[in-house]
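Novice: Turn this into a model:
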Amino acid sequence: MKLVFMETDTLGSDVDLSIFDEYGEVIKYNKSNPAENADRIKEADIVIANKIAINETLLSKAKNVKLVCLTATGTNNVDFHYTNAHKITVTNVKSYSTQSVIQHTFALFFYLYEKLNSYDQFVKSGEYARRDIFSCFDYKFNELYGKTWGIIGLGEIGRGVANIAKAFGCNIIYYSTSGKNTNPDYTRADFDTLLSTADIISIHAPLNSATQNLMNEEAFKKMKNSAILLNLGRGPIVNEEDLANAIEKGEIAGAGLDVISVEPMLPDNPLLRIKDSNKLIITPHIAWATVEARTRCVREVYENIKSFLQGNERNVVKYN
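Specialist: Now for the predicted structure:
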């Protein structure tokens, strides 16, 4: 049996892939090459991929492929009409990065909320050593206790964030982008109410027609000027030009983003105008990428293959 990894760079060089050797010959490519991808899998029985489009262009020469394993949860890169018609099973991985994304949500938040960049620079610049008192009140910040934390997308990650925010003493409200999610533990709010009352808004929703460009100029104008926005969902949920303008105008206090509309970031992204790290922090889609989460992801793919070879279904996705 021949297994082909199409983009091992998306898993990191520190993750052990030797566990797959028991299944047969394993070929590893560190990154996608659109001109060569189809030829790379011509003889493959199993394809392991992340961001590559799984469609006729890729698979038409691959007459032996029986299984495509995604090293991700999202399946929007799969043409299920094609894979279903050709009896190619597609699996994904779920819940492997939940705790990592929850953790990173609060890392972004506290970096902004407590002005940690400024206080770090205050000490490292030598200014603290020149002061005659033990503390510094130059950069004001507030308690999280008693604030309203609004969540867009109360799925597994959103609920995890809600639980921790509640432990800090926050009032939790949420907006269901589908209109179907009802959770008795927290207060469901309409979108305008969430925008106008939340002190912190964190996004944990998928990208779809209901969420694309959800956070735009109109939305930012309804937020508190002391509010912080966190996006741990998908980049296009936030209109980046409108966000840059809102930060520059002081319509919101700041934003922490782990996802942006085009990744890697384009040189003309309007958010690059914002140089003040007290108002904006962007991390390069790393919320999911703790060592534990990446190791768990690989193990999930291993288990998906094992189940498939035993004739069992595990994390099989049949439609988009």
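
Novice: going forward, measure contacts between C-alpha atoms and count neighbours the same way
Specialist: Will do.

Novice: Do a quick rundown of the helices in the stretch 151-300 of the chain.
Specialist: 156-167, 191-197, 217-222, 240-249, 291-309 (DSSP state H, counting those that start in this stretch).

Novice: how about the third one as CSV, C-alpha atoms only?
Specialist: The one in question is helix 217-222. What follows is helix 217-222, C-alpha atoms only, in CSV (Å, rounded to 0.1, in the frame of the first residue of the first chain):
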residue,chain,number,x,y,z
GLU,A,217,-18.3,48.9,9.3
GLU,A,218,-21.9,48.8,10.5
ALA,A,219,-21.2,46.2,13.2
PHE,A,220,-18.1,48.1,14.5
LYS,A,221,-20.1,51.3,14.9
LYS,A,222,-22.5,49.4,17.2
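
Novice: Which positions within that helix qualify as buried?
Specialist: Within helix 217-222, the residues that count as buried by 16 or more other C-alpha atoms under 10 Å are Glu217, Ala219, Phe220, Lys221, Lys222.

Novice: Strands of the stretch 1-150 of the chain, start to end?
Specialist: When assigned using DSSP state E, counting those that start in this stretch, the strands of the stretch 1-150 of the chain occupy the ranges 2-5, 25-28, 46-49, 67-70, 89-91, 148-152.

Novice: I'd like the average pLDDT over the second one.
Specialist: With pLDDT averaged residue by residue, strand 25-28 scores 98.

Novice: try the last one
Specialist: Confidence over strand 148-152 (mean pLDDT, whole number) is 98.

Novice: can you list contacts of stretch 27-44?
Specialist: With contacts defined as C-alpha atoms under 8 Å, 6 or more residues apart in numbering, stretch 27-44 is touched by 1-10, 47, 52, 57-65.

Novice: Quick one: mean pLDDT over stretch 101-109.
Specialist: Rounded mean pLDDT across stretch 101-109 is 98.

Novice: repeat for stretch 240-259
Specialist: Mean per-residue pLDDT for stretch 240-259: 98.

Novice: Tabulate the helices of the stretch 151-300 of the chain (a markdown table), appending distance to Lys275.
Specialist: Formatted as a markdown table, the helices of the stretch 151-300 of the chain follow (distance: least, C-alpha to C-alpha, whole Å):
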| stretch | distance to Lys275 |
| --- | --- |
| helix 156-167 | 28 |
| helix 191-197 | 25 |
| helix 217-222 | 20 |
| helix 240-249 | 10 |
| helix 291-309 | 30 |
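
Novice: closest one to Asn92 among the ones you listed?
Specialist: Of all those, helix 291-309 sits nearest to Asn92, with 7.6 Å by C-alpha to C-alpha.

Novice: Show me what that closest one is packed up against.
Specialist: Identification of packing neighbours for helix 291-309 by 3 or more C-alpha pairs under 8 Å, 6 or more residues apart in numbering; DSSP states H and E yields strand 67-70.

Novice: How about residues contacting stretch 241-252?
Specialist: 216-217, 220-221, 223-228, 253-254, 270-271, 273-274, 279.

Novice: Mind giving me the PyMOL select for the residues you listed, buried ones only?
Specialist: Buried subset of the contacts of stretch 241-252, written as a PyMOL selection, criterion 16+ other C-alpha under 10 Å:
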select buried, resi 216+217+220+221+223+224+225+227+228+253+254+271+279
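
Novice: among the contacts of stretch 241-252, which are in strands?
Specialist: The members of those that map onto strands under DSSP state E are Ile228, Gly254.

Novice: which two of the buried residues of helix 217-222 lie the greatest distance from each other?
Specialist: The widest separation within the buried residues of helix 217-222 (C-alpha to C-alpha) is 8.9 Å, between Glu217 and Lys222.

Novice: before we move on, back to that, if you compare the strands of the stretch 1-150 of the chain, which one is most tucked away?
Specialist: Among the strands of the stretch 1-150 of the chain, strand 148-152 has the highest mean neighbour count (mean count of other C-alpha atoms under 10 Å), at a mean of 25.

Novice: Low-confidence stretches in the chain?
Specialist: 320 (pLDDT under 70).

Novice: Kindly state the domain boundaries assigned to it.
Specialist: 2-96+291-317, 98-282 (automatic domain parsing).

Novice: Lys87: how many residues sit nearby?
Specialist: Number of residues near Lys87 (other C-alpha atoms under 10 Å) recorded here: 12.

Novice: Equivalent analysis for Gln310, please.
Specialist: Residues within reach of Gln310, counting by other C-alpha under 10 Å, total 9.

Novice: Likewise for Gly24?
Specialist: Gly24 has 11 neighbours, counted by other C-alpha under 10 Å.

Novice: my guess is it meets Met1, correct?
Specialist: Yes - the criterion here is C-alpha atoms under 8 Å, and Gly24 meets it with Met1 at 4.9 Å.

Novice: Tell me the residue in this structure that is farthest from the middle.
Specialist: Of all residues in the chain, Asp132 has its C-alpha farthest from the mean position, at 44.0 Å, by C-alpha atoms, centre = their mean.
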